[in-house]
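Trainee: sequence first, then the predicted structure, then my questions.
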Amino acid sequence: MHWRSKTSAVGLEECFLRGKYGSITARIRFLAVLIVAAAVTGCSGGGSPVSPPPQGAPDFFFVENLSQTIAGFDEQSGHLAVIPGSGTEIPFPPSSLAADPQGQFLGVVEIQDINTRQLQLVAIQAGGTLQPGAHVSVPGAVALAFSGNSLLAVVDQNDEQVEVFSIQNGTPTLASSAPAGPLPVDVLFSADGKKLYVANKFGDSISVYSVTANGTVQPVQTLQLPLAPGQIIAPVVRLRLNPSGDRLAATTGMGQLYVSQVSPTDGTLSGTQETIVANGANLEEVIFDPSGRNIYTGDQDNGGLYEFAVAADGGTAPLSGSPVPAMPLLTGMVMNSAGDRLYVVNGANSEIVTYLRDSTSGKLTATAEVVSSGGFLPGRIVRVAAH
């Protein structure tokens, strides 16, 4: 059986894996949403705020919690600390989070009920405090991404399309839309905002689009991910560009890592190389270090952080000692701008764990530094420049 054929007979187990709530964490979060959305008590759950030093931190970090809170953090003397006044409440439980590269907004997909979702903008104010702002209904929204020039893309699973909004005076207005592949699950802008990438879980593919300054989006390419002998699926779930924008990493819910070359002219993908990270690993997160020399991904269902060196041709090689131990229910990963710390969100314990990164070898080392995520069952974590 091959999942790339829509007409194939599919068992109940495969149908569930294809669906919106296939991972262990997603299923737990979805079941919790049904409770929280009905009646939430707004658990803020954070530890005691730490007073900031006189000089501001270079990065702000924000994590979304199912208890309708977004908590903010900064680095103080190399340690993650709660931003005073953090723990902003939002109208509905979140399911996805993205940050504006300019540091003006967060975008949140909120679950109003089992059938309805909305896009919520949250303004990032001076010092890292947050203020919820405008929202717009996108019933099938599952993921979103900002460009650096006031555009916001949302993948809509109901209509299997990507929708691009223009943000003017803090209000998103639909500019255009285009078809996506089957079951789109993630979206990403290039640094210049002129290319857009969508991960299609059911289609085992990545869609590439061109984007104009006013938000008009046009399909350019559909890359079918290659399969190793004996493999039948590549349910891609997460995308990430390296800092220079010439490599795109994609991970799947079945343990595959793909690295593609990105054309500097039209953003199309080529030379895609596959690495089998671990059979059956649910690789819901992937990240490059600031130099682009290393890739890190984590198994959400079984635990473990996998470390790789990236070759000039896009091939990858595991670092010695990989994987580094990590708890299951790994729901988010972000690296600081200096590239010496990786922050990992543990959904089971509602906490953020710090790993040190050696800039020469790329190796990660677990630390005892742990802070509360500021709420119940945290998800994605994002970084913006402090201001």
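Mentor: Done, it's in. Residues are numbered from 1 along each chain as shown.

Trainee: is it true that residue 321 touches residue 363?
Mentor: Yes: with contact defined as Cβ atoms under 8 Å, residue 321 counts as touching residue 363 (6.9 Å). Placement of C-beta: from N, CA and C, glycine included.

Trainee: starting at the chain centroid, how far to stretch 362-382?
Mentor: 15 Å (Cα atoms, centre = their mean, to the nearest Å).

Trainee: shared neighbours, residue 321 and residue 363?
Mentor: Residues within reach of residue 321 and of residue 363 at once, by Cβ atoms under 8 Å, 6 or more residues apart in numbering, are residue 307.

Trainee: compare the two and say which one has the larger neighbour count.
Mentor: residue 363 (17 against 11; other Cβ atoms under 10 Å).

Trainee: OK, contacts around that one?
Mentor: For residue 363, the contact set (Cβ under 8 Å, 6+ apart) comprises 307, 319-321, 357.

Trainee: and for residue 118, the neighbour number?
Mentor: So residue 118, with other Cβ under 10 Å, has 17 neighbours.

Trainee: can you pull the pLDDT of it?
Mentor: Confidence at residue 118, expressed as pLDDT, is 97.

Trainee: also the one 5 residues further on?
Mentor: According to the model's per-residue confidence, residue 123 sits at a pLDDT of 97.

Trainee: next, count neighbours for it.
Mentor: Residue 123, neighbours per other Cβ under 10 Å, totals 15.

Trainee: quick check: closest non-adjacent residue to it.
Mentor: residue 131 (4.6 Å; Cβ to Cβ, 6 or more residues apart in numbering).

Trainee: direction included, what does the helix or strand containing the one you found pair against?
Mentor: Using DSSP states H and E, residue 131 sits in strand 130-137. Within its sheet, and counting by DSSP bridges, strand 130-137 is paired with strand 116-124 (antiparallel).

Trainee: show me where pLDDT drops low in the stretch 251-387 of the chain?
Mentor: Nowhere does the stretch 251-387 of the chain drop to pLDDT under 70.

Trainee: the next helix or strand along the chain from the strand holding residue 131: partners in the sheet, and parallel or antiparallel?
Mentor: Downstream of strand 130-137, the next assigned helix or strand under DSSP H and E is strand 141-146. With DSSP bridges as the test, strand 141-146 is paired with strand 151-156 (antiparallel).

Trainee: what comes up buried for the strand it pairs with?
Mentor: 151-156 (16 or more other Cβ atoms under 10 Å).

Trainee: just give me the closest of those to residue 165.
Mentor: For those, the minimum distance to residue 165 (Cβ to Cβ) is 4.5 Å, reached by residue 152.

Trainee: please enumerate the helices of the stretch 1-150 of the chain.
Mentor: Under the criterion DSSP state H, counting those that start in this stretch, helices of the stretch 1-150 of the chain are mapped to 12-18, 24-36.

Trainee: in stretch 223-236, which residues are buried?
Mentor: Quick answer for stretch 223-236 (16+ other Cβ under 10 Å): 223, 225, 231, 233-236.

Trainee: between those residues, which is nearest residue 194?
Mentor: Distance to residue 194, by Cβ to Cβ, is smallest for residue 223 among the buried residues of stretch 223-236, at 17.8 Å.

Trainee: ok, the spatially closest residue to residue 135 that is not a sequence neighbour - contacts?
Mentor: The spatially closest residue to residue 135, leaving aside those adjacent along the chain, is residue 120, at 4.5 Å (Cβ to Cβ, 6+ apart). Applying Cβ under 8 Å, 6+ apart, we find residue 120 in contact with 90-92, 94, 107-110, 132-133, 135.

Trainee: so which of those residues is the most crowded?
Mentor: Highest neighbour count within the contacts of residue 120: residue 94, with 29 neighbours (other Cβ under 10 Å).

Trainee: quick check: that residue vs residue 189, distance?
Mentor: Residue 94 sits at a distance of 20 Å from residue 189 (criterion: Cβ to Cβ, to the nearest Å).

Trainee: please apply the same query to residue 141.
Mentor: 16 Å.

Trainee: what does residue 245 give?
Mentor: 10 Å.

Trainee: could you give the mean pLDDT of stretch 76-90?
Mentor: 92.

Trainee: what residues of it count as buried?
Mentor: 76, 80-83, 86-88, 90.

Trainee: isn't residue 202 right up against residue 237?
Mentor: No: Residue 202 lies out of contact with residue 237 (Cβ under 8 Å); the separation is 11.1 Å.

Trainee: hmm, back to that, neighbour count for residue 245 and residue 189, which is higher?
Mentor: residue 189 (24 against 15).

Trainee: show me which of the contacts of residue 363 are buried.
Mentor: Of the contacts of residue 363, these count as buried by 16+ other Cβ under 10 Å: 307, 319, 357.

Trainee: in which helix or strand does the residue nearest to the second one when sequence neighbours are not counted reside?
Mentor: Leaving aside its sequence neighbours, residue 319 sits nearest to residue 307 (Cβ to Cβ, 6+ apart; 4.1 Å). In the assignment (DSSP H and E), residue 307 maps to strand 305-310.

Trainee: list the buried residues in that strand.
Mentor: 305-308, 310.

Trainee: can you lay out the residues you listed as a markdown table showing distance to residue 249?
Mentor: Output for the buried residues of strand 305-310, formatted as a markdown table (distance: Cβ to Cβ, whole Å):
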| residue | distance to residue 249 |
| --- | --- |
| 305 | 15 |
| 306 | 12 |
| 307 | 13 |
| 308 | 9 |
| 310 | 9 |
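
Trainee: good, wrapping up.
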